[in-house]
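[1] below is the sequence, then the predicted model.
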Number of protein chains: 2
Amino acid sequence: MTKATTDEEALEAVRKRIDAIDQELLALISERARCAQRVAHIKTEASGHSVQFYRPEREASILRRIKESNPGPLDGEEVARLFREIMSACLALERPLSAAFLGPEGTFTQAAAIKHFGHAVVTKAMGAIDEIFREVESGACDFGVVPVENSTEGVVSHTLDLFMASPLMITGEVCLRIHHHLLSHAESLSAIRTVYSHQQSLAQCREWLDRNLPTAELIAVGSNAEAARLAAQEPEAAAVAGAQAAEIYGLSELAERIEDEPSNTTRFLVIGKQDSPPSGQDKTSLLLSCKNEAGGLHSLLAPMAVHGISMTRIESRPSRRGIWDYVFFVDILGHRSDPNVAHALRNLDKDALLFKVLGSYPIAVL
Amino acid sequence: MTKATTDEEALEAVRKRIDAIDQELLALISERARCAQRVAHIKTEASGHSVQFYRPEREASILRRIKESNPGPLDGEEVARLFREIMSACLALERPLSAAFLGPEGTFTQAAAIKHFGHAVVTKAMGAIDEIFREVESGACDFGVVPVENSTEGVVSHTLDLFMASPLMITGEVCLRIHHHLLSHAESLSAIRTVYSHQQSLAQCREWLDRNLPTAELIAVGSNAEAARLAAQEPEAAAVAGAQAAEIYGLSELAERIEDEPSNTTRFLVIGKQDSPPSGQDKTSLLLSCKNEAGGLHSLLAPMAVHGISMTRIESRPSRRGIWDYVFFVDILGHRSDPNVAHALRNLDKDALLFKVLGSYPIAVL
C-alpha cells in the first residue's frame, strides 16, 4: 500500500467522522429548539398571555459555563459565539426579538446589537439616540442598543443624559473592538502636517503618531467625523477615525489599525423595560448626585467601601436640572439583589440628593 | 400540588435537558474541530508544505445535506447558517481565510463575504473592484468577493470586464437580500415630484411607486448613489437607494423596504486562484464571443441544447479589444467536469472566436 493511499484512507475516515458528528449536531440543535418551544409553551399557558422569553441572565450563565467547560481546540470566545447564534435561532422560533440601534445599517451599534442578541434579532436603524429610547419606551422595539464610553463618536454624554429622564433600564452591556485608521487625501505620510481627531482617539493612537508623525500638529476636535470632514478640506491634513468616515468624506486609509492597544474596545448598553435577574456575575449602574461641598462625593460613596463593593467606573456629568451641579454615573460589581449591594444601595438612597438604579445586568461574556 | 408548582417543575426539567444538550453540543463541536486539525495535519504531511484547506465543494455539499435532513423546528436556512459558522470556526483553527471585498467596512460585499465564509474569515476592504482582483492575484488575500448582477450600484460591467484580462477563476457565488428605501429631504410623500434611481431599482419598486407616488416623475440615472446625490439637492425630489446612501447624503428614509419583491437578491462572485471541484450541484461561468453575423450566437449556443444543458444567464458586453464586437458572459448548470458539460465546452471552444471558462463552483446554498 502506498503512502498516498493510506493518507487518502485516513482523510476519508476523518471526513466520515465529521459527517457523523454533523448529523449528531443537527439532531441536538433541533432538540434544543424543540425544548425552547416547550419552555415558551409552558410560560404562555401559565401566564395566559404572550410573555417575553428572552432571559439575559440565563443566556449569560449558559455562555459562561460553555467558556469554562470548553475543552478546546476552539477558543472560548469562538465557542461562546457559536452558542450565542444557536440560542438566538432557538429564541427567534417563538417571536424574533427586535432591537433599535443608532443607524444607518452597518454602524458599530448594529454590530453590537448582533453580537449581543445573535443574528436572529431584527434590528431597526434609528437616526438619533433619543429615538432609540422612544422606540423602546413605546414598545415598538423590545430593546435598544446605545453607545457609551465612546466619546470618539461624540455621543456618550447624550446617552447618559437620556437616562436621567427615561423610565428604561439597562438590561445588558456589549463590548466591541474598534479600529482607528489614518485618513487623508495625501499620498504619503511625509506630506501630513496636521492630524485631527477627538482627544480620546488621539490618546489611543499616541504611540503610533509619535513614531510615524513626530512633527505633525495634533488638533483635538469634537468628533472623529468632524475630524474627517476637516481633513477632507486640507491636502496636508489627516484624521484619525473609523472606516465609515473614510467613505463618507471620500478619504483614503493612509494607515490601518493604528491604535496602540489592539484590544481597544468600546462599550454599548442594552436598554429595555426591565433589567435582568442575577446571573452570578453582574454589574449594577447607578445615577446619583450629592451636595456640592468638599468631600461630598467621597462620603456619599463610603457605603460601597464598607460593604466591599468594587466600583468599575465613575463619570461625572453636568446636570441640566439646576438643582444639582453634577450627577454621577457609577458602575459597581454585583447585582442589586445581592445582600451587600442591596444594603449599600439603601444607604446611598438615604444620603444622595438624587439616586436611581439604572439596572443590574450580566457582565459582558463575549 | 398547585398549577404554578408543576409549571415551575416542568420548566426546570426542560432547562436541565437544555443544559445537558449544550454540553453534548460543546463536546461534538470540539471533536469536530479536532477532526479538522487532523485533516490539516494529514494534508500538510502528504504535501510537505502548507496547503489550502478550504474546500468549497465539500462545504456546499455538507450544507445541502444539513438542509435536506433538517427535521425542524428551525428552518433549513437557519440551520445551514449555524453550520456555516461552525465550519468557519473549525477551518480558522489552521489559518484564517482572508477575503478582499469592495470597501468600506459595512458594505453589501462585506456582508456577502461573511455570509459565504462565516465570521472567522478575515476581510480586507479595497477601494475598487480592480484592486480586489490584484489583491487576490498577488496572493495577499486568499479570495475576493465582487458584486455582479448589481447594476443598481453601477459596478457590474466593471466586474465582468475585469474577468477578460484576469487569470483568476470563479470559485463560488453568494446571494444576498437587498432592500431599497425612499430617501429624501422632504417631510412627506405628498411633497415628492421627482424620483431618481437606477433603472433597475425603479423597476424593482414599480408597484410601490405606482401606488404611492402615481404622479411623480421617475428619472433613471447611472447609479443609486448618484440618485441620492441628486435628491439631496432638490427639496421635492426623492431617491430609491440603500440605507448607506441615506447616511452619505444626509437624507431621511421616507419609506422603508419599498421593493415589490421582498426576496429581492443581489449576486456576488467569489474569486480565487482556482475554481472548485464538483459538489453535485454546480454552475459554470463562461466568457465567449462569436462572429458578428446573423444567427452567430444562436448557432454558437447550439451545443448546449444538444447536450441538455440549462443556461441560467446570458449577458452581452461590448468588447474593448476591437476584434469582437461583443463578448458574452454565460452561466450554465453543471460542472465543467460533468461529461455532457465537458463535451459541450469542447464544441464551444472549437466554434467560438473567444472562449474562456471562468470557473465551475457550487450553486449558492444559503
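    Arrived safely, thanks for sending. Numbering: from 1, shown residues only, chains lettered A, B, ... in the order given.

[2] can we go C-alpha only for contacts and neighbour counts from here?
    OK.

[3] now check the helix or strand hosting residue A:135, is it near chain B?
    Counting by DSSP states H and E, the element that carries residue A:135 is helix A:129-137. No: judged by Cα under 8 Å from any Cα of the partner chain, helix A:129-137 stays clear of chain B, getting no closer than 13.7 Å.

[4] would you mind writing the CA trace of that helix as PDB?
    What follows is helix A:129-137, C-alpha atoms only, in PDB (Å, rounded to 0.1, in the frame of the first residue of the first chain):
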ATOM      1  CA  ILE A 129     -30.100  58.100  20.400                       C
ATOM      2  CA  ASP A 130     -33.200  59.700  21.800                       C
ATOM      3  CA  GLU A 131     -35.200  58.000  19.100                       C
ATOM      4  CA  ILE A 132     -33.900  54.600  20.300                       C
ATOM      5  CA  PHE A 133     -35.100  55.400  23.800                       C
ATOM      6  CA  ARG A 134     -38.600  56.400  22.400                       C
ATOM      7  CA  GLU A 135     -38.800  53.300  20.200                       C
ATOM      8  CA  VAL A 136     -38.300  51.100  23.300                       C
ATOM      9  CA  GLU A 137     -40.400  53.200  25.600                       C
END
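
[5] ok, residues contacting it?
    Identification of contacts with helix A:129-137 by Cα atoms under 8 Å, 6 or more residues apart in numbering or on different chains yields A:100-102, A:126, A:141-146, A:158-159, A:162, A:166-168, A:271-273.

[6] now these: which count as buried?
    With burial judged by 16 or more other Cα atoms under 10 Å in any protein chain shown, the buried subset of these is A:100-102, A:126, A:141-146, A:158-159, A:168, A:271-273.

[7] most widely separated two among the residues you listed?
    A:142 and A:158 (21.1 Å; Cα to Cα).

[8] is chain B contacted by stretch A:84-97?
    Yes: in terms of Cα under 8 Å from any Cα, part of stretch A:84-97 sits within range of chain B, namely A:85, A:86, A:89, A:90, A:93.

[9] again with stretch A:166-183
    No: using Cα under 8 Å from any Cα, stretch A:166-183 never reaches chain B; the gap is at least 10.9 Å.

[10] show me what the mean pLDDT comes to for that stretch.
    What stretch A:166-183 shows for mean pLDDT is 90.

[11] for that stretch, which positions count as buried?
    By neighbour count on 16+ other Cα under 10 Å, the buried set for stretch A:166-183 is A:168-176, A:179-183.

[12] which helices and strands does whichever helix in chain A runs longest pack with?
    Criterion DSSP state H: the longest helix present in chain A is helix A:3-47. If you count contacts as 3 or more Cα pairs under 8 Å, 6 or more residues apart in numbering or on different chains; DSSP states H and E, helix A:3-47 packs onto helix A:76-92, helix B:3-47, helix B:56-69.

[13] among those, show me which one is buried the most.
    The highest mean neighbour count among those, using mean count of other Cα atoms under 10 Å in any protein chain shown, belongs to helix A:76-92: a mean of 22.

[14] touching chain B at all, the helix or strand just after that helix?
    Downstream of helix A:76-92, the first helix or strand assigned by DSSP H and E is strand A:98-102. No: judged by Cα under 8 Å from any Cα, strand A:98-102 and chain B are separated, with a smallest distance of 11.5 Å.

[15] near chain B at all, the helix or strand following strand A:98-102?
    Where DSSP H and E defines the elements, the next helix or strand beyond strand A:98-102 is helix A:108-117. No: legend: contact between helix A:108-117 and chain B by Cα under 8 Å from any Cα is lacking; minimum distance shown is 9.3 Å.

[16] averaged pLDDT, helix A:108-117. What do you get?
    Here the average pLDDT along helix A:108-117 is 83.

[17] fine by me, we can end here.
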